[in-house]
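In: Predicted structure and sequence below. I'll ask about it afterward.
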Amino acid sequence: MLLGTVLLWALNITVSKYLLQHGWIPLAYGTIRYGAAIALFLLFTYRRERSFRIARRDLPLVGVAALFLFLNQLAFVFGLHLAHASTVALLLGATPACMGLIALALGLEDLSWPFWVGVALTFAGVALIALSGGHAGSSVTGILIALTMPVTWAAYTTAIAPLMRRYSPYRISSIVLAIGWVPLALVSVPDLGRQHFEFGWKVWLGFAYAVVGPLFLTNILWFTAIDRVGPSRAALFANLQPFLAVFFAVLLLGDTLQGLELAGGALVFAGIALERLYRRAPVEVDTAL
């Protein structure tokens, strides 16, 4: 289940890039895709739990998590629209470092020198990837937007973690997804009006995958797997996502990596490896969406 989840997430970057290259407008794509997936997940959750009740005291934290998820989706569609899929995938490798820094800032962890070395390696790799911007199909703007993806995802994951201790992951995820979709839909109104839907079967097949696979099925697989094996083992698999995503982008989209990107990816991988060796017992923020 863990491997299946990571493969679905990784392939999503390539599929979404293909869809954005073949007629989908970024905000229209993000809004319709998320709306369809949320409808499926709400039905699944209601059949499972028969309630979406959340205590009033938890609503502010739900709102914070939804805000960061909204920002993450903006970064995803615009970053992927303006940059190579492989470049975006490599930048996602900074997520564990961002999560650790946020946990440190909130007093959730006391981090020692191996973590800081891992962070230094990760951000050195990110800097090299950013410096490689400007090659065909990518832009510096796209890379800068994509850089906010690991930050917003780490912030979202940290915000949702306390709620996971009080509610089932299905209930809290469905509610946060639904609330985060509202501002996404509002800012997408102009693009929705301009979006045409005369796509070929490959685009519609890719869209169906982008809805059902990485947004609906992965929630079920991921949370079921975490319940069985724990967040620590799950996090080890999750760290494979950026590199599997690069593989899919190179194989299916014909992306090519420049020397700086390869060097940056190697540093990011080294930073993740060192961070995971240090973090024997990760904080609960590893239970990501």
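Out: Noted; the coordinates are in hand.

In: now the helices for the stretch 1-150 of the chain?
Out: Along the stretch 1-150 of the chain, counting by DSSP state H, counting those that start in this stretch, helices occupy 2-21, 26-49, 59-82, 85-91, 95-105, 113-131, 140-164.

In: helix/strand/coil for Phe197?
Out: coil (DSSP: H, G, I helix; E, B strand; the rest coil).

In: Buried ones in the helix or strand Ala208 falls within, by neighbour count?
Out: Secondary-structure element containing Ala208, defined by DSSP states H and E: helix 201-211. By neighbour count with 16 or more other Cβ atoms under 10 Å, helix 201-211 contains the buried residues Val203, Gly206, Phe207, Tyr209, Ala210, Val211. For glycine as for every other residue, the C-beta is placed from the backbone atoms N, C-alpha and C.

In: Could you do stretch 258-276 as well?
Out: 258, 260-261, 263-265, 267-272, 274-276.

In: go on, stretch 62-81?
Out: For stretch 62-81, a neighbour-count test (16+ other Cβ under 10 Å) marks 62, 64-81 as buried.

In: between the helix holding Ala208 and helix 26-49, how many degrees?
Out: Orientation of helix 201-211 against helix 26-49 (axes from the mean of the first three to the mean of the last three Cα atoms, to 10 degrees) gives an angle of 50 degrees.

In: Helix 201-211 to helix 2-21, inter-axis angle?
Out: Using the same axes, to 10 degrees, helix 201-211 lies at 140 degrees relative to helix 2-21.

In: Can you list the neighbours in contact with helix 201-211?
Out: Contact with helix 201-211 is made by 11-12, 15-16, 18-19, 22-24, 33, 36-37, 40, 199, as judged by Cβ atoms under 8 Å, 6 or more residues apart in numbering.

In: Drop the exposed ones from those and show what's left.
Out: For the contacts of helix 201-211, a burial check counting by 16+ other Cβ under 10 Å picks out Leu11, Asn12, Val15, Ser16, Tyr18, Leu19, Trp24, Arg33, Ala36, Ala37, Leu40.

In: Determine which two of those residues are furthest apart.
Out: Greatest spatial distance in these: Tyr18 and Leu40, 21.8 Å, computed using Cβ to Cβ.

In: Pretty sure Arg48 sits against Ser174.
Out: No - using Cβ atoms under 8 Å, Arg48 makes no contact with Ser174, being 9.8 Å away.

In: neighbour count winner among those two?
Out: Shown here are Arg48 and Ser174; by other Cβ atoms under 10 Å, Ser174 has more neighbours (23 against 13).

In: What helix or strand is the more buried one located in?
Out: Counting by DSSP H and E, the element that carries Ser174 is helix 169-187.

In: what comes up buried for that helix?
Out: Counting neighbours by 16+ other Cβ under 10 Å, one finds that the buried residues in helix 169-187 are 169-181, 183-185.

In: any idea which of those is closest to Val88?
Out: Leu184 (18.5 Å).

In: Now for the closest one: which residues touch it?
Out: Leu184 neighbours (Cβ under 8 Å, 6+ apart): Leu27, Gly30, Thr31, Tyr34, Phe70, Gln73, Leu74.

In: same thing but at 6 Å, please
Out: Shown in contact with Leu184 (Cβ atoms under 6 Å, 6 or more residues apart in numbering): Thr31, Phe70, Gln73.

In: Likewise for Ala263?
Out: Contacts for Ala263 (Cβ under 6 Å, 6+ apart) come out as Leu128.

In: again with Leu192
Out: Shown in contact with Leu192 (Cβ under 6 Å, 6+ apart): Ala28.
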